[in-house]
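Trainee: Prediction below, plus the sequence it came from.
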Amino acid sequence: MSECCSNSCGEPSFPSRCRCPVNGKEYGQVSATTIKHHISRPWRWVPEDQGYYFCSDPACSVVYFGEDGSCIEKSAVRTPVGVKESSDEALLCYCFGVTVREAFAHPEAKAFVVEETRRNECACETRNPSGKCCLGEFPKSQKRQR
């Protein structure tokens, strides 16, 4: 039996979580493809053979970081990162442009996104800076927390 079958045909395996070098908290992995879609000058970025991670802490300037401690900060990202913004205009859903304000004003927006996601009509891996589905970012209730 070949070694290829036991290790995803030689694809490297990186830790699923890693600590942000700035705030020390653990975050989940994000693909290099996602990063390329959000940084200002993707042609200048050369990904290393390592895991990359998305820092969702609103107080931290880091958006992406590598296992080696390298960081990509908000200033180097062309897409406003909704979870790092306090504005009502911050995006919750990057595929369909739903903002925080719209999610509260139009509950049907979430139902629409749920249905489109179910139909695989979304592109979260590339459009959302986290590389994850946005449904978890929608408010749990229609009451605003201030």
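Mentor: Received it, and whenever you're ready, just let me know what you need.
Trainee: Nearest residue to E121 in space, please, no chain neighbours.
Mentor: C95 (7.9 Å; Cβ to Cβ, 6 or more residues apart in numbering). No exception for glycine: its C-beta is placed from N, CA and C like everyone else's.
Trainee: Okay, and the one you found sits in which element?
Mentor: Using DSSP states H and E, C95 is not contained in any helix or strand.
Trainee: State the phi and psi torsions of it.
Mentor: Backbone geometry at C95, expressed as degrees, to the nearest 10, gives phi -70, psi -40.
Trainee: cool, and V63?
Mentor: The phi/psi pair for V63 (degrees, to the nearest 10) reads phi -100, psi -50.
Trainee: mind listing what it touches?
Mentor: Applying Cβ atoms under 8 Å, 6 or more residues apart in numbering to V63 gives the contacts H38, F54, C55, I72, E73, K74, A76, V77, V81, K84, P129.
Trainee: Against E116, how distant is the spatially closest residue to it that is not a sequence neighbour?
Mentor: In this structure, V63 finds its nearest non-sequential neighbour in V77, 5.1 Å apart by Cβ to Cβ, 6+ apart. Distance of V77 to E116, computed by Cβ to Cβ, to the nearest Å: 25 Å.
Trainee: beta partners for G28?
Mentor: For G28, the beta-bridge partners under DSSP bridges are R17.
Trainee: Most neighbours out of the contacts of V63, which is it?
Mentor: The most crowded member of the contacts of V63, judged by other Cβ atoms under 10 Å, is C55 (30 neighbours).
Trainee: what kind of secondary structure is the residue most central in space within the chain in?
Mentor: Nearest residue to the geometric centre of the chain (Cα atoms, centre = their mean): S130, 0.3 Å. Here S130 is coil, with the state taken from DSSP: H, G, I helix; E, B strand; the rest coil.
Trainee: pretty sure it contacts K84?
Mentor: No. Using Cβ atoms under 8 Å as the test, S130 is too far from K84 to be in contact (10.4 Å).
Trainee: Would you map the helices across the chain?
Mentor: Assigned by DSSP state H, the chain shows helices spanning 32-38, 100-105, 108-118, 124-127.
Trainee: most packed of those helices?
Mentor: Burial of the helices of the chain is given as mean neighbour count (mean count of other Cβ atoms under 10 Å); helix 32-38 ranks first at a mean of 18.
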